[in-house]
Structure formats: structure tokens, C-alpha cells
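K.L.:
Take a look and give me a structure for this.
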Amino acid sequence: MNKIQKISFKSIADFLDYIPEDELKIVETLRELILSHIPYCKERLAYNVPFYYGHYRICFIWPASIPWGGVESGVNLGFCRANEMAFDEGFLKFNDKKVIATVNLQTLKEIDRDKIEQLLHEAALVDTLAAKKKNP
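P.N.:
Numbers count the residues shown, from 1 in each chain. Okay, here's the model as predicted:
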């Protein structure tokens with residue numbers, strides 16, 4: 001634990017127990033989508049939130065109740081190599097460095113399953129292509 005992160009979760013279960021019910025419903029739905037559409041990914045805590053790894057970091061889920069991520073409300077679904085993905089920029093918003101992009105979800109109804117599934121497939125493809133480039 002450091003000065004910025006005042007909490008330290010030992011597991012995903014600890015993380016899920018901590019977040020409030022409204023965020024938990026969104027997080028659980030996003031986890032299900034990620035794990036079912038990128039079945040080879042590994043789920044691990046980084047910065048005390050769930051990150052999903054293939055060859056590299058693919059995506060993450062960051063609820064507002066974890067304050068050091070700068071999420072003001074709802075839950076962010078972030079894509080780590082978004083600058084290598086082709087997508088509708090009206091749906092995702094880039095960070096300042098134009099590498100990571102996120103969508104903020106306030107309710108379960110806002111989850112566009114088709115769009116998120118499409119982004120997850122593309123993120124997995126970017127992960128696979130990056131690994132092939134490094135190890136042809």
C-alpha cells in the first residue's frame with residue numbers, strides 16, 4: 001500500500017466485496033463479457049483493479065469507488081492499446097497520451113453488449129498481433 005492507494009486488495013474477491021452494489025452489477029457484467037470473449041486472458045489486480053492480460057495488458061475495469069483512477073462516477077472499461085484499434089471515437093475516449101481509451105458506464109442499461117464485444121475481439125486481435133510482431 002502506498003500514499004495514493006489507501007487500500008490494498010489481496011484478491012479479485014476482496015475487490016468485489018469492497019465496491020458498492022450499483023458499481024458491482026456493472027463490474028460483474030463487464031467481467032463476464034471479457035472472460036467469455038477473450039477466454040485466454042488472465043485476470044489480475046493491478047493498481048487494485050482488475051486488469052486482463054493476454055500477451056500484454058488488454059483491458060481493465062475501474063470503478064469510481066477506487067478513487068486514484070480519476071473516475072468520478074460509474075465504472076470505466078479501458079482498453080490498453082486503443083491507439084492500435086479501429087473504433088468509433090464517439091464511444092471511447094482517449095487518455096491524454098492517446099494510448100488508453102475508456103468508456104464510462106453509469107448503469108447496466110448503458111452497456112452496449114454488441115459494441116463492447118466488438119471492442120473486446122479487436123483488443124484481443126491487437127494483443128495477438130503485437131505478440132507476433134515481437135516474436136515472428
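K.L.:
From here on, just use CA atoms for contacts and neighbour counts.
P.N.:
Fine.
K.L.:
Please identify the buried residues of stretch 58-72?
P.N.:
Judged by neighbour count (16 or more other C-alpha atoms under 10 Å), stretch 58-72 contains these buried residues: Ile58, Cys59, Phe60, Ile61, Trp62, Pro63, Ala64, Ser65, Ile66, Gly69.
K.L.:
Format the CA atom coordinates belonging to that stretch as PDB.
P.N.:
Only the C-alpha atoms of stretch 58-72 are listed here, as PDB (Å, rounded to 0.1, in the frame of the first residue of the first chain):
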ATOM      1  CA  ILE A  58      -5.600  -5.900 -22.900                       C
ATOM      2  CA  CYS A  59      -8.200  -4.100 -20.800                       C
ATOM      3  CA  PHE A  60      -9.200  -3.100 -17.300                       C
ATOM      4  CA  ILE A  61     -12.300  -2.300 -15.200                       C
ATOM      5  CA  TRP A  62     -12.000   0.700 -13.000                       C
ATOM      6  CA  PRO A  63     -15.000   1.700 -10.700                       C
ATOM      7  CA  ALA A  64     -15.300   5.200  -9.200                       C
ATOM      8  CA  SER A  65     -15.100   3.700  -5.700                       C
ATOM      9  CA  ILE A  66     -11.400   3.200  -6.400                       C
ATOM     10  CA  PRO A  67     -10.500   6.900  -6.300                       C
ATOM     11  CA  TRP A  68      -6.900   7.000  -7.500                       C
ATOM     12  CA  GLY A  69      -8.000   6.200 -11.100                       C
ATOM     13  CA  GLY A  70      -9.800   9.600 -11.500                       C
ATOM     14  CA  VAL A  71     -13.100   8.000 -12.400                       C
ATOM     15  CA  GLU A  72     -15.700  10.400 -11.000                       C
END
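K.L.:
Could I get the average pLDDT for it?
P.N.:
Averaging pLDDT along stretch 58-72 gives 93.
K.L.:
sorry, back to before: just the ones in strands from the buried residues of stretch 58-72, please.
P.N.:
Ile58, Cys59, Phe60, Ile61, Trp62, Pro63 (DSSP state E).
K.L.:
What is the nearest of the residues you listed to Gly90?
P.N.:
If you rank those by distance to Gly90 using C-alpha to C-alpha, Cys59 comes first, at 18.4 Å.
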